[in-house]
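Q: Next input, structure requested:
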Amino acid sequence: MDAHNLFETPVTYRLIRLEYGLGLVVATALFLAHLDEVRWLPALALFVYIDLVGYLPGAIAHRRARGRRIGRTYHVLYNVMHSLVTQGLVALAWIWLAGAEWALLVLPIHLFGDRALFGNFLKPFGLRFEPETHPAYERFRAEYAALSPDTMDAADEERRLAGRFDARAT
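A: Numbering: from 1, shown residues only. Sure, this is the predicted structure:
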């Protein structure tokens with residue numbers, strides 16, 4: 001992915017998940033190293049509230065909708081609650097009000113775990129709340145695969161750059 005191509009290939013997607021996996025390992029190791037200093041009620045509350053506010057309402061609405069679209073509000077709730085920015089601000093507010101503590105590590109553990117273990121990132125409005133392959137992505141993936149450097153010739157590259165390439169025609 002770059003600033004002009006806002007998509008991931010399966011390989012780059014797995015590499016990004018691996019990076020979050022390293023963050024998960026580091027945060028979890030620090031948490032476990034200080035287990036005897038963790039206040040469990042705040043740790044549990046901080047870990048769970050992200051999904052209680054950000055995931056559960058959308059998941060319920062999605063199931064009740066039975067295949068119909070749900071409101072964008074559920075995507076916004078998910079994205080706000082599963083944002084490293086939001087949870088970083090929550091941690092800073094907590095530190096300012098109550099002081100630093102090891103229980104705060106559950107915030108990155110939750111977010112890094114979602115990304116590394118489950119592959120869940122922020123939710124765009126154009127996709128269903130629960131993961132499902134979009135038909136446009138399927139078409140893109142097939143066309144992108146057809147454009148691999150091993151099979152593309154100079155004429156294909158010229159047409160691709162001009163926006164006139166159709167992988168199905170080759």
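Q: And residue 2, its phi and psi?
A: When read as degrees, to the nearest 10, the backbone of residue 2 gives phi -150, psi -170.
Q: Quick one: residues contacting it.
A: With contact set as Cβ atoms under 8 Å, 6 or more residues apart in numbering, residue 2 has no partners. Any C-beta I mention is one placed from the backbone N, CA and C, and that applies to glycine too.
Q: what is it paired to in the beta sheet?
A: Taking DSSP bridges, one finds residue 5 as the beta-bridge partners of residue 2.
Q: Residue 50: what secondary structure?
A: Recorded secondary structure, residue 50: helix (DSSP: H, G, I helix; E, B strand; the rest coil).
Q: any idea how far it lies from residue 66?
A: 26 Å (Cβ to Cβ, to the nearest Å).
Q: And residue 56, by the same measure?
A: Residue 56 is 18 Å from residue 66, where distance means Cβ to Cβ.
Q: out of those two, which sits in the busier spot?
A: Neighbour tally, residue 56 and residue 66, criterion other Cβ atoms under 10 Å: the higher count belongs to residue 56, 15 against 6.
Q: Can you give the distance from whichever strand or helix holds residue 63 to the centre of its chain?
A: Assigned by DSSP states H and E, residue 63 belongs to helix 56-65. The chain centroid and the centroid of helix 56-65 are separated by 18 Å under Cα atoms, centre = their mean, to the nearest Å.
Q: What residues of the very next helix or strand once past it count as buried?
A: Downstream of helix 56-65, the first helix or strand assigned by DSSP H and E is helix 72-81. Residues 74, 75, 77, 78, 79, 81 are the ones in helix 72-81 that count as buried (16 or more other Cβ atoms under 10 Å).
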